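coordinates for the following, if possible.
(2 chains, ligands or ions: 2)
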Amino acid sequence: MNRKLLLQSSVRSMFRNKLRTLFMSIGVMIGVATLIAGQSLGNGAGQQVTKRVNKVFSPGTIYLVSQTLAYGDIEAIEQQMDQVVASAPRYGGAESEISYQATNRQAAVFGHTEKGELVWNRGVTEGRYINRRDLAKTARVALIGHRLAELLFGVDGDPIDKEILIGSVPFRVVGILESAGIDPHGEDRDEDIFIPITTAMRRLSNTEYIGVAKLVIDNHDLVDDDADQITAIMREQHNIAAGEDDDFAIYTSKFVGRMIARANRILNVYMVAAAAVVLLVAAIVIASIMLVVVRERIAEIGLRKALGATEKNIGFQFLAEVVAVTLVSGVLGIGLGMAAAKLVSMQFAVPVMLTTNSVVLALAAAVIVGIVAGIAPARRAARLDPVEALR
Amino acid sequence: MIKLRNISKSYQRAGEGELKVLKQVDFVVERGEFVAIVGPSGSGKSTLMNILGLLDTADSGDYELAGSKVSTMTATELARTRNATIGFVFQQFHLLDRTTATENVELPLVYSDSKAINGNTRKKAIDALCRVGLEERLTHYSSELSGGQQQRVAIARALINDPDIILADEPTGNLDQAAGRQIMELFCELNQAGSTILLITHDPQLARQAARVVYIDDGRLSSTAATGTSTEGTAANAGIQNGQAASPQGTFS
Ligand SMILES: Nc1ncnc2c1ncn2[C@@H]1O[C@H](COP(=O)(O)OP(=O)(O)O)[C@@H](O)[C@H]1O
Ligand SMILES: [Mg+2]
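Numbering: from 1, shown residues only, chains lettered A, B, ... in the order given. Ligands and ions are numbered 1, 2, ... in the order given. Below you'll find the predicted structure:
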């Protein structure tokens, strides 16, 4: 069989009835576009979230959260576990009213230690960080996010050494925090305000409980084991009897990674399922159109058989025609999907990320739709009785 | 070239029982012959041609084509043999629309195994079109050709694989008299140049142009007209029953 000549006639038949070809391709285009848009937005959003979460929750870190978390708990953990490289508590996060002269603003106030810069991955771009003396003296010093600085002092204002009020307590601004952007909950972390943790606990809240600690572990691969060890230490510290529930929670960087991956997977499954439904409908539409085409071209099929076409030749021809249409539609669908993704990304500031995997998947889907849709018409064409067909 | 022995074919028709279309047909065509089968509508001509052309199979009897027994061939072998051995010419031309004359003529080569052909299908198609006098119409689409020209394209298509036999079923049935005459002249020329041709027609006038005429009526072949029509052609018609060719190539005119 001469495939070149046969493919020529496949391509020609695609252009023979343009409207019909359009009907055949539209479903595949939309299905593939859904797949591509979903994947590239999902990938982009997933990567963005991962990047942001990694900023605070980098590999090899463990969060320890408890309403009754005390300094002693953290000291006990550091003492018993050599693999804990560093740890730092964090207090608060509640919104308070911040004011400078006549300007007021609600902002989240966090208490940090001098180790926060390293452990919590956020230093200052101007001024200095909280130091041991601040902690010892329960000093009234503050670090503020650059957005908050702009809101209180204006774009050109210099906040360093200015006095602001947190509630009614005066604080001196000693540094501007590194930018952290919008967090996954939609909060602008550049409006945060950091103060020494001792000051926050004693002067602002009068409490002995910290709330959250972050621990840095030397080997990321072992964080889950380390979490088990911390659980044991914490249960002992808090005198929890066997069978009683923990009064604390532990989140490891691995756990969070798994959560993100799972969320991504769920999103992906929905998008793929939606695309699959569209592609299934497309396959049904294509199959029924092709059955009509076979009926219309019955004389051509009879002729080809008379001229020496085998059943395989005829089947291959019709299958090739359908796959040619779906493959071209798939390529156009990829373009369409990318355009849609770009549009969405411009609206919602989500990056677009198209992977080779997605492209291969989309093209494979298009080809599979073509084969699935084409098999029944191709078979019918192949089995036509040439005598009937030529009458 | 063609040897039919005792070929029978019948159709089952819902409610009406069996319809015997071919009844123990014996028929021989030698290489180089130009034979016409003539008979009234419904007499079984097309059924016979479909069997001869390997598009259909007989219920019983033997068929030997170019030295091979047809009854033992698989579907694929039948297709190959159709491609390599037989050239069809149909009443309705059966050209592909929106396809040029050359591409139509190339069509059988799509299904040819012969590697030698692969490179120069275009040239072979053009040669075939020249043989039927269409060298001026190579790139015309089917719809841009007259009926007579379309049938010439179909004949060129039948010629392209150098078939052992050309089977033409009512080739002038859709043509006016002048065009029909030209097609018949073309067949005569091709026969003189060596082609074996089997012409099927209901028109005794046309049949007379063949070197040998065989009559078919109600599924039976005979060398003489059944209903006392003209018997001009019968001189050349001996040998049907015993399978001998009466008219070697070129002696009909
Ligand atoms: N597939 C079929 N089923 C039933 N009857 C058929 C079929 N094909 C042909 N016939 C009948 O067989 C007879 C011969 O048909 P055909 O060979 O086409 O005749 P011709 O070509 O001489 O006009 C006709 O009576 C026709 O109706
Ligand atoms: Mg007929």
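
what's the following helix or strand after whichever helix in chain B runs longest?
In chain B, taking DSSP state H as the definition, the longest helix is helix B:177-192. Once the chain leaves helix B:177-192, the next helix or strand it forms, by DSSP states H and E, is strand B:197-201.

and the next helix or strand past that following strand?
Per DSSP H and E, strand B:197-201 leads on to helix B:204-207 as the next helix or strand towards the C-terminus.

now that next one: buried residues?
Neighbour counts over helix B:204-207 (16 or more other Cβ atoms under 10 Å in any protein chain shown) mark B:204, B:206, B:207 as buried. The way it works is simple: take the backbone N, C-alpha and C, and place the C-beta from them, glycine included.

out of these, who's nearest residue A:169?
Comparing the buried residues of helix B:204-207 against residue A:169 with Cβ to Cβ places residue B:206 closest, at 117.2 Å.

pretty sure that closest one contacts residue B:180?
Yes. Residue B:206 lies in contact with residue B:180 (Cβ atoms under 8 Å); the separation is 7.3 Å.

list the residues that contact both of the two?
Here residue B:206 and residue B:180 have residue B:172 as joint contacts, going by Cβ atoms under 8 Å, 6 or more residues apart in numbering or on different chains.

sorry, back to before: dump the buried residues of helix B:204-207 to CSV, plus pLDDT and distance to ligand 1.
Converted to CSV, the buried residues of helix B:204-207 look like this (pLDDT from 0 to 100; distance: Cβ to the nearest ligand atom, whole Å):
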residue, pLDDT, distance to ligand 1
B:204, 93, 14
B:206, 92, 14
B:207, 93, 13
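
gap between residue B:138 and residue A:343?
From residue B:138 across to residue A:343, the span is 50 Å (Cβ to Cβ, to the nearest Å).

mind checking which of the two has more residues around it?
residue B:138 (17 against 12; other Cβ atoms under 10 Å in any protein chain shown).

tell me which element the more buried one falls in.
Under the criterion DSSP H and E, no helix or strand holds residue B:138.

name the nearest residue to the residue of the stretch 151-300 of chain A found nearest ligand 1, sequence neighbours excluded.
Nearest residue of the stretch 151-300 of chain A to ligand 1, counting by Cβ to the nearest ligand atom: residue A:298, 14.7 Å away. Excluding its sequence neighbours, the residue lying closest to residue A:298 (Cβ to Cβ, 6 or more residues apart in numbering or on different chains) is residue A:389, at 4.8 Å.

quick check, pLDDT for that neighbour.
We have a pLDDT of 92 for residue A:389.

wait, it sits on residue A:299?
Yes. Residue A:389 lies in contact with residue A:299 (Cβ under 8 Å); the separation is 6.3 Å.

mind checking which of those two has more residues around it?
More neighbours surround residue A:389 than the other of residue A:389 and residue A:299, with 19 against 15 (other Cβ under 10 Å).

ok, now which ones touch the more buried one?
Here residue A:389 is in contact with A:298, A:299, A:301, A:302, A:303, A:305 (Cβ under 8 Å, 6+ apart).

before we move on, what about residue A:66?
Residue A:66 sits next to A:73, A:209, A:211, A:234, A:238, A:247, A:248, A:249 when contact means Cβ under 8 Å, 6+ apart.

phi, psi of the fifth one?
As for residue A:238, its main-chain torsions (degrees, to the nearest 10) stand at phi -90, psi 10.

which one is it nearest to, not counting chain neighbours?
Distances taken as Cβ to Cβ, 6+ apart put residue A:247 closest to residue A:238, at 5.7 Å, once the chain neighbours are dropped.

contacting residues around that neighbour?
Residue A:247 makes contacts with A:66, A:67, A:68, A:238, A:240, as judged by Cβ under 8 Å, 6+ apart.

how close does the first one sit to residue A:73?
Right, residue A:66. Going from residue A:66 to residue A:73 by Cβ to Cβ gives 8 Å.

quick one: common contacting residues for those two?
In contact with both residue A:66 and residue A:73: A:234, A:238, using Cβ under 8 Å, 6+ apart.

how about the residues of chain A by chain B?
Applying Cβ under 8 Å from any Cβ of the partner chain, we find that chain A lies next to chain B at A:1-2, A:5-6, A:9, A:12, A:16, A:299-300, A:302-313, A:386-387, A:390.

10 Å instead?
A:1-6, A:8-9, A:12-13, A:15-16, A:297, A:299-300, A:302-314, A:317, A:385-391 (Cβ under 10 Å from any Cβ of the partner chain).

of the residues you listed, buried ones?
Buried by 16+ other Cβ under 10 Å: A:1-2, A:5-6, A:9, A:13, A:297, A:300, A:302-311, A:313-314, A:317, A:386-387, A:389-390, out of the residues of chain A next to chain B.

tell me which parts of the stretch 101-250 of chain B are close to chain A?
Proximity of the stretch 101-250 of chain B to chain A (Cβ under 10 Å from any Cβ) is limited to residues B:103-104, B:106-115, B:117-118, B:121, B:154, B:157-158, B:160-161, B:167, B:169.

6 Å - rerun?
Applying Cβ under 6 Å from any Cβ of the partner chain, we find that the stretch 101-250 of chain B lies next to chain A at B:107, B:108, B:109, B:110, B:111.

count the neighbours of the fourth one for me.
Residue B:110 sits with 23 neighbouring residues when counted by other Cβ under 10 Å.

which pLDDT value belongs to it?
pLDDT, residue B:110: 89.

for residue A:59, see how far away it is.
For residue B:110, the distance to residue A:59 - Cβ to Cβ - is 61 Å.

so residue A:114: helix, strand or coil?
Local secondary structure at residue A:114 is given as coil here, using DSSP: H, G, I helix; E, B strand; the rest coil.
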